[in-house]
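> please find the sequence and the predicted model below.
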Amino acid sequence: MTKVGILGANGRMGRVLIDAAYQHAQIALGFASVRAGSPFIGMDAGELAGIAKQYVNISECQPHLADNADVMIDFTLPSALSDNLALARHTKTPIVIGTTGLLPAQLKEIDEAAKHLPIVFAANYSVGVNLMLKLVQQTAVVMGEQSDIEILEAHHRFKQDAPSGTAIAIGEAIASTLNRDLKTCAVYGREGFSGERDRETIGFATVRAGDIVGEHTALFASIGERIEITHKASSRLTFANGALAAAHWLKDKPAGLYSMQDVLGLNE
């Protein structure tokens, strides 16, 4: 059994993680925390997540909470990353990070923290999406040099970063396979007279609407044929279950930075 501590328990993913932990046979909820001054402090976590279960009480995030968790899970906002990493380092608690929209300096913070404790960091914790990352690399090997490559993604109206972290991860997987630098070959929007497409580029298109959980398509189009690799998520439980699997896997690992590809054995 792995005890997990959920940071930012009142967020959309935080609530789903509580629900998923309740359903998971190998996971127990050690703590669920929120920021100082939150109106949710003292509420039962089961009530917060909308499940018929008396769970732990929601607490203000404090170092002593880590005594109740083997692994912490962070799906909060980029602005909370530094404090959450500092907490993990101070308490020597492994951490699973699912926060997206991070800046390069914040990615360096994760790299530095991973020298001292085990971390799983992924743009997407869905098993299907991580399999998709493998499939786009295989497709890029066969068709990448002859195809125009576009990445299409859609999410709910509340998502704050664009393109999504998953779309960027797909682009990076393809670019690295083709020995391209995504920083220089990515095209994030087209408007007006943009001229003929440069085949070396990787295009991105973003949709934000309604309650779309998450949809991603990698399009490889040559003259006469195209391949589309698509993943559609219909529930956030998909991501929560993946994060809990990552936490269970991470519990006894040495310090280092790991991905969901490692968790799923796709890098072997």
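Now that the structure is in, tell me what you want to look at.

> any idea how far Asp252 lies from Asp111?
With the distance defined as C-beta to C-beta, to the nearest Å, Asp252 ends up 22 Å from Asp111. (Glycine included, C-beta is placed from N, CA and C.)

> over to Ile168?
17 Å.

> of those two, who's got more company?
Applying other C-beta atoms under 10 Å to Ile168 and Asp111 shows that Ile168 carries more neighbours, namely 20 against 12.

> quick check: the gap between Thr99 and Phe193.
As it turns out, when the distance is counted by C-beta to C-beta, Thr99 lies 38 Å from Phe193.

> sec struct for Leu135, please.
State at Leu135, reduced to three classes by DSSP: H, G, I helix; E, B strand; the rest coil: helix.

> wait, it touches Ile229, no?
Yes: at 5.4 Å, Leu135 and Ile229 qualify as touching, with contact defined as C-beta atoms under 8 Å.

> C-alpha coordinates for the worst-scoring helix or strand of the chain on mean pLDDT, CSV please?
Of all the helices and strands that make up the chain, helix 45-49 has the lowest average by mean pLDDT, DSSP states H and E, namely a mean of 86. Listed in CSV are the C-alpha atoms of helix 45-49, where the atom choice follows Å, rounded to 0.1, in the frame of the first residue of the first chain:
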residue,chain,number,x,y,z
ALA,A,45,-11.7,15.3,1.6
GLY,A,46,-14.4,12.8,0.6
GLU,A,47,-17.0,15.6,0.8
LEU,A,48,-14.8,17.9,-1.2
ALA,A,49,-14.4,15.2,-3.9
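
> note down every partner strand of the helix or strand that that helix is followed by and its orientation.
Moving toward the C-terminus from helix 45-49, the next helix or strand (DSSP states H and E) is strand 59-60. Counting by DSSP bridges, the strands paired with strand 59-60 are strand 27-34 (parallel).

> next one, pLDDT for Gly242 please.
For Gly242, the pLDDT comes out at 95.

> quick check, it in a helix?
Yes: following the definition three-state DSSP, Gly242 is counted among the residues of a helix.

> that one - how many residues pack around it?
25.

> can you pull the contacts of the residue lying closest to it once chain neighbours are set aside?
Excluding its sequence neighbours, the residue lying closest to Gly242 (C-beta to C-beta, 6 or more residues apart in numbering) is Tyr125, at 3.3 Å. Contact partners of Tyr125, counting by C-beta atoms under 8 Å, 6 or more residues apart in numbering, are Gly98, Thr238, Phe239, Ala240, Asn241, Gly242, Ala243, Ala245, Ala246, Met260.

> please state the backbone phi and psi of Leu77?
Listed backbone geometry of Leu77 is phi -100, psi 160, with angles given as degrees, to the nearest 10.

> quick one, what contacts the residue lying closest to it once chain neighbours are set aside?
Spatial nearest neighbour of Leu77, excluding adjacent residues (C-beta to C-beta, 6+ apart): Thr99 at 6.7 Å. With contacts defined as C-beta under 8 Å, 6+ apart, the neighbours of Thr99 are Asp74, Phe75, Thr76, Leu77, Pro78, Ala80, Leu81.

> so can I have CSV of the residues you listed showing neighbour count and secondary structure?
Output for the contacts of Thr99, formatted as CSV (neighbours: other C-beta atoms under 10 Å; DSSP: H, G, I helix; E, B strand; the rest coil):
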residue, neighbour count, secondary structure
Asp74, 26, strand
Phe75, 24, coil
Thr76, 25, coil
Leu77, 13, coil
Pro78, 14, helix
Ala80, 17, helix
Leu81, 20, helix
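
> TSV for those residues, including pLDDT and distance to Thr91?
Output for these, formatted as TSV (pLDDT from 0 to 100; distance: C-beta to C-beta, whole Å):
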residue	pLDDT	distance to Thr91
Asp74	96	13
Phe75	95	19
Thr76	93	17
Leu77	91	21
Pro78	93	21
Ala80	94	16
Leu81	95	16
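
> alright, I will stop here.
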